[in-house]
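Peer 1: Pasting the sequence and the predicted coordinates here, then a few questions.
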Amino acid sequence: HVAKRLSPSTLTAVRYPGLETDPAHAVAARQMTRYGTVLGLVFADRSQADTFLHHAKLITQATSFGGVHTTAERRMRWGSDGVAEGFVRLSVGVEHVDDLLADIDQALEAIA
């Protein structure tokens with residue numbers, strides 16, 4: 001659902017094993033009954049990823065996931081994960097879906 005709301009002109013990819021188009025979907029479908037709350041957003045570059053994270057109001061930047069709040073981080077800030085500079089890992093929390101989608105939309109608009 002979230003992937004459909006994200007602007008394709010802002011992102012180069014959305015990674016989520018529950019999407020049939022995701023490269024990991026076949027393996028995930030064999031191993032999982034649900035696909036979880038973590039997804040990857042791949043922005044064109046570091047600047048777009050940082051702008052998105054800076055403008056998100058409900059999403060807290062954090063390296064360790066596991067709480068009830070939506071959190072995200074730009075993985076390459078550590079410099080050794082072998083992912084794109086614009087890769088943001090997002091862990092969805094318990095916020096109301098409409099509030100979270102509105103926050104994501106307004107943070108994406110800040111990039112444009």
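Peer 2: The structure has been received and is ready for your questions. No experiment lies behind these values; they were computed from the predicted model shown.
Peer 1: Show me what the biggest helix by length in the chain is packed up against.
Peer 2: Longest helix in the chain by number of residues, with DSSP state H as the criterion: helix 97-109. Helices and strands touching helix 97-109, as assessed by 3 or more CB pairs under 8 Å, 6 or more residues apart in numbering; DSSP states H and E, comprise helix 2-5, helix 46-55. To be clear about C-beta, it is placed using only N, CA and C from the backbone, and glycine gets the same treatment.
Peer 1: Going by mean pLDDT, which of the ones you listed comes out lowest?
Peer 2: Here these differ in mean pLDDT, and the lowest is helix 2-5 at a mean of 52.
Peer 1: Paired strands for the very next helix or strand once past that one, with orientation please.
Peer 2: If you walk from helix 2-5 toward the C-terminus, the next helix or strand you reach (DSSP states H and E) is strand 11-15. Looking at strand 11-15 with DSSP bridges, its partner strands are strand 38-43 (antiparallel).
Peer 1: For the residue of the chain positioned farthest from its centre, which three-state class applies?
Peer 2: Counting by CA atoms, centre = their mean, the extreme residue of the chain relative to its mean C-alpha position is residue 30, 23.1 Å from that point. At residue 30 the chain is in helix, as set by DSSP: H, G, I helix; E, B strand; the rest coil.
Peer 1: In this protein, where is pLDDT below threshold?
Peer 2: Judged by pLDDT under 70, the chain has its weakly predicted residues at 1-9, 80.
Peer 1: mind redoing it with 80?
Peer 2: Regions of the chain meeting the criterion pLDDT under 80 cover residues 1-10, 64-66, 75-82, 112.
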